[in-house]
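Peer 1: compute the structure for the input listed below.
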Amino acid sequence: MGKKLKNTGLIGLGVIAGIAVSLQFSAMAQKPVEPALPLEELRQLADVFGLIKSDYVEPVEDKKLLTEAIAGMVASLDPHSAYLDKKAYAELREGSQGKFVGLGIEIGQSEDGYIKIVSPIEDSPAYRAGIKAGDLITRLDGTPVKGMSLDDSVKKMRGEPHTKVNLTVLRKGETEPLLFAIAREEIHQKSVKGRLIEPGYAWLRIAQFQEPTVDDLAAKLVELYKQDPNIKGLVLDLRNDPGGVLQGAIGVAAAFLPRDSAIVSTNGQLPDSKQIFYGRPEYYALRNDSDALAKLPDAIKKVPMAVLVNTGSASASEIVAGALQDYKRAAIIGSQTFGKGSVQTIRQLTPDTAVKLTTARYYTPNGRSIQAKGISPDLLVDENADGDGLNSLRTREADLDKHLSNDRDQEGAKTNRDELEEQLRVMAMEKQRKPLEYGSTDDFQLSQALNHLKGLPVRLAKTESKLVQVESPTVKKDLSKK
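Peer 2: Here you go, the predicted model:
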């Protein structure tokens, strides 16, 4: 039995590596706790502290010991709670704001242990230097990246503006490694992009839910409807979207649902964590008092929709997909989502540090808990025509140690893809395949979503029947039961 393949979801430099979370920066009052402290355990902590200070092989600073004790205490709760030191707290704030200092590339782990360039961000330093999708970074400032975690590689590529990073890159078709010296810059990352992919049909992709996402979504939709006022179908692409700011998810769902619709509810220990969030500006407007969604044409509420998801769709992505599915507003197409159904609140400790603490579970409008289960697509469609590729090997929430349980339903099964032979077979296939660009003519799942919107046959995953005929969403039939 081989080890489970590591998550290969997209990671934007400057964005927290790994599975991002729905964030609430909140000043909610803390719940009163019992006044009595566990004195015996506190004495043990003090005793261990003293033993380390007196007996450890070399001196250790008091601050380091206490900081690590705090970090360990929080990390022991669940995979998404964490102590944020000065650097981690700054990175989290930058990531949620959609800007950071770095090179401007989206990366993943390659099968060979190198850093794989998924895509350079347009007009970023990496883009201008000639970095291309599919390139493999083998060294960072001369340091080999094999064995280096994606989180560590992200940190090495971040830094102060105008400082340089030296990349050693392998490129298909080149006999020698390529060397790039790229100066870091502040990158303003657009979380929303889209275009008309053919007459009458639009594609809209959200890479991550950030503070500007609702404004960016509204601007892009207005732009698309100016190009074609008679759009017949819209594909909302949430694949590999790891989540982000909770308010962004509420606003995106609200854009397509009737005003004042319940989008998501939360439940936790605090009275303020027992809430229902509606599709109104007070629940999603972050940047100013104006309502960005007020600019949208009325057709947005009725245009036939499909939503693309995969195992990399987590947290805020699942809130949107779950809401649109519950209201039967869109058909969800792709594979089972990640299953991260918990809300993290940022509690500031000092001006530079904070704790990211899981404070609630969230639920879809129909009361479904997504935690450790995820959203099940209405139409299960593989990533490629010949299979689900690396997506089939990804870790999900239910696979994580100490994950929060699902309190209302049976959890999703752990990913049963540990066989080394299966891993090697899939990785060998993917090595020969050119990198998938979402929204391109080679995007198999997108083509199936378009077929669905047109009422044409949809090729389902191999675990399902190979080909089905579905009716156009303009026909009054409950497609979610197909």
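
Peer 1: please make it C-alpha for all contacts and neighbour counts, starting now.
Peer 2: Fine.

Peer 1: if I pick the residue nearest to Leu357 when sequence neighbours are not counted, what's in contact with it?
Peer 2: In space, and not counting its chain neighbours, Leu357 is closest to Ser81: 4.6 Å by Cα to Cα, 6 or more residues apart in numbering. Taking Cα atoms under 8 Å, 6 or more residues apart in numbering, we find Ser81 in contact with 74-75, 344, 355-358.

Peer 1: mind checking the SS state of the nearest residue to Leu286 once chain neighbours are set aside?
Peer 2: In this structure, Leu286 finds its nearest non-sequential neighbour in Glu211, 6.6 Å apart by Cα to Cα, 6+ apart. Secondary structure assignment for Glu211 (DSSP: H, G, I helix; E, B strand; the rest coil): coil.

Peer 1: what about Glu211, distance to Ala183?
Peer 2: From Glu211 across to Ala183, the span is 26 Å (Cα to Cα, to the nearest Å).

Peer 1: comparing those two, which shows the higher neighbour count?
Peer 2: Glu211 (23 against 19; other Cα atoms under 10 Å).

Peer 1: for that one, give me the pLDDT.
Peer 2: Glu211 carries a pLDDT value of 88.

Peer 1: over to Val222?
Peer 2: Looking at Val222, its pLDDT stands at 97.

Peer 1: hang on, isn't Leu308 packed against Asn240?
Peer 2: No - taking contacts as Cα atoms under 8 Å, Leu308 lies outside contact range of Asn240: 9.8 Å.

Peer 1: pull the contacting residues for Arg195.
Peer 2: Counting by Cα under 8 Å, 6+ apart, Arg195 touches 202-204, 224.

Peer 1: got it, and Ser76?
Peer 2: Counted by Cα under 8 Å, 6+ apart, Ser76 has contacts Lys402.

Peer 1: how much space between it and Thr358?
Peer 2: In terms of Cα to Cα, Ser76 sits 12 Å off from Thr358.

Peer 1: please apply the same query to Asp112.
Peer 2: Asp112 is 35 Å from Thr358, by Cα to Cα.

Peer 1: which of those two has more neighbours?
Peer 2: Neighbour comparison, Asp112 and Thr358: the larger count goes to Thr358, with 23 against 12 (by other Cα under 10 Å).

Peer 1: helix or strand right after the strand or helix carrying the more buried one?
Peer 2: Following DSSP states H and E, one finds Thr358 within strand 354-363. On the C-terminal side of strand 354-363, the closest following helix or strand by DSSP H and E is strand 379-380.

Peer 1: nearest the geometric middle of this structure, what residue?
Peer 2: Centre of the chain computed as the mean C-alpha position; nearest residue by Cα atoms, centre = their mean is Pro242, 0.5 Å away.

Peer 1: regarding it, what is its secondary structure?
Peer 2: With three-state DSSP as the basis, the three-state label of Pro242 is coil.

Peer 1: my guess is it meets Asn310, correct?
Peer 2: No - judged on Cα under 8 Å, Pro242 makes no contact with Asn310 at a distance of 10.4 Å.

Peer 1: circling back: who's in contact with the residue nearest to Leu286?
Peer 2: 96-98, 245, 247-248, 286-287.

Peer 1: could you measure from it over to Ala219?
Peer 2: Distance from Glu211 to Ala219, by Cα to Cα: 14 Å.

Peer 1: what is the subsequent helix or strand relative to the top helix by length along the chain?
Peer 2: Using DSSP state H to define each element, the chain has its longest helix at helix 39-55. With elements assigned by DSSP H and E, the helix or strand that comes after helix 39-55 is helix 62-75.

Peer 1: what about the stretch 251-400 of the chain, any weak spots by pLDDT?
Peer 2: Applying pLDDT under 70 to the stretch 251-400 of the chain flags the ranges 287-289.

Peer 1: recalculate using a threshold of 50.
Peer 2: Across the stretch 251-400 of the chain, nothing is flagged by pLDDT under 50.

Peer 1: can you show me the strands along it?
Peer 2: In the stretch 251-400 of the chain, the strands defined using DSSP state E, counting those that start in this stretch lie at 262-267, 275-278, 305-309, 331-334, 342-348, 354-363, 379-380.
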